[in-house]
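Asks: Here's a sequence, model it:
(one chain, ligands or ions: 1)
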Amino acid sequence: MIEVVCAIIVKDDKILIAQRSEEMKLPLKWEFPGGKLNEGEDEEQAIIREIKEELNVEIIPLKRLSSNIHDYGSFKIKLTAYLCDFIGGEIVLLEHKDFKFVKSEDLINHDFAEADIPFIEELKTLV
Ligand SMILES: Nc1nc2c([nH]c(=O)n2[C@H]2C[C@H](O)[C@@H](COP(=O)(O)OP(=O)(O)OP(=O)(O)O)O2)c(=O)[nH]1
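Replies: Below you'll find the predicted structure:
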């Protein structure tokens, strides 16, 4: 099973979501940015590194939210979300096709990766 961490980055009561590119697995799906844990890395180190690599910005993980296990058929992931504070930097899309900040009730209107669906309900009560 692949361990993946993703960041729920909140700014002005809106959540940052990113759209996967055509070249990535799960093309054009929306997701919370993040990625796989490297060997020897803990979840918080991984999320800080991934967000810098993908979006060029600095964040601080504040709170570990829930984990979802999802089987895509060809691979299975454990996806763990972290509520994060946006510290600084200008967003540059280094891997994704697009990004936007949306209200939690508007998440449902985006075509999210299946593993993310349980977070969408959870975030309505949190953000
Ligand atoms: N970052 C992120 N990944 C997610 C989410 N939901 C979801 O199913 N995933 C999947 C997509 C990928 O298969 C995996 C994250 O891996 P990744 O983005 O670091 O790498 P990748 O699979 O695109 O790249 P690779 O295997 O070709 O090296 O988790 C999500 O909300 N955020």
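
Asks: In contact with Trp30, which residues?
Replies: Trp30 makes contact with 17-20, 110-113, 116, according to Cβ atoms under 8 Å, 6 or more residues apart in numbering. All C-beta spots, glycine's among them, are computed from the backbone N, C-alpha and C.

Asks: how about low-confidence regions in this structure?
Replies: Within the chain, no range satisfies pLDDT under 70.

Asks: Closest to the centroid, which residue in it?
Replies: Phe32 (2.1 Å; Cα atoms, centre = their mean).

Asks: returning to what we had before: which one of the contacts of Trp30 is nearest to the ligand?
Replies: Among the contacts of Trp30, Ala113 lies closest to the ligand (Cβ to the nearest ligand atom), at 3.6 Å.

Asks: Could you count how many residues lie near the residue lying closest to that closest one once chain neighbours are set aside?
Replies: Leaving aside its chain neighbours, Ala113 sits nearest to Lys29 (4.4 Å; criterion: Cβ to Cβ, 6 or more residues apart in numbering). When neighbours are counted by other Cβ atoms under 10 Å, Lys29 registers 17.

Asks: is it true that Lys29 touches Ser21?
Replies: No: counting by Cβ atoms under 8 Å, Lys29 stays clear of Ser21, with 10.2 Å between them.

Asks: about what we covered before: give the full set of residues in contact with the residue nearest to the centre of the chain.
Replies: Counting by Cβ under 8 Å, 6+ apart, Phe32 touches 6-9, 15-18, 81, 116, 119.
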